[in-house]
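Student: I'd like to go over a predicted model; first the sequence, then the structure.
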Amino acid sequence: MTQERRKRTRAHVHFEVDVLIRGESIRLETENISLTGILCNADKRFHSGKNCEVVIRLNPEVVIDIDAVILRTSEGKTAISFVRMDDESFYHLKKLVQLNAEDADLIEDELLKPAFE
């Protein structure tokens, strides 16, 4: 049995996000999301190590805008790591993850621990 190495809770959600890379917007569907990244379907234009921007539109007035980097693309999936976002985007991302997580209380606890040790 493999030990879970992830430090952040993944919320299994399926919704559309826009990934902007090299001036092009690519619409994808998520598989899961955490405070530190997303797993979504792959696209041939993605390459590991490339910077991108993830845009999640919760409604016309609420948009989560995140600077990110593509970690890996394999088996039809792309892992994207969040690098930087403003306070408002973080607030909405946190609420999105909490509302969709199996145990919302874990999210608050995770904020007290470093993501990478």
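Tutor: Okay, I see it. Numbering: from 1, shown residues only.
Student: poorly predicted segments of the chain, please.
Tutor: Per-residue confidence for the chain (pLDDT under 70) gives these ranges: 1-8, 104-106, 108-117.
Student: run through the helices of it in chain order.
Tutor: Secondary structure of the chain (DSSP state H): helices at 87-100, 104-110.
Student: can you lay out those helices as a markdown table showing mean neighbour count and distance to Asp18?
Tutor: Placement of C-beta: from N, CA and C, glycine included. What follows is these, written out as a markdown table (neighbours: other CB atoms under 10 Å; distance: least, CB to CB, whole Å):
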| stretch | mean neighbour count | distance to Asp18 |
| --- | --- | --- |
| helix 87-100 | 16 | 14 |
| helix 104-110 | 14 | 24 |
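Student: which residues does Leu20 bridge with?
Tutor: Assessed by DSSP bridges, Leu20 has beta-bridge partners Ser25, Glu53.
Student: number of nearby residues for it?
Tutor: By the criterion of other CB atoms under 10 Å, Leu20 has 15 neighbours.
Student: in contact with it, which residues?
Tutor: Residues near Leu20 by CB atoms under 8 Å, 6 or more residues apart in numbering: 26, 52-55.
Student: neighbour-wise, give me the winner out of those residues.
Tutor: Most surrounded of those: other CB under 10 Å gives Val54, at 26 neighbours.
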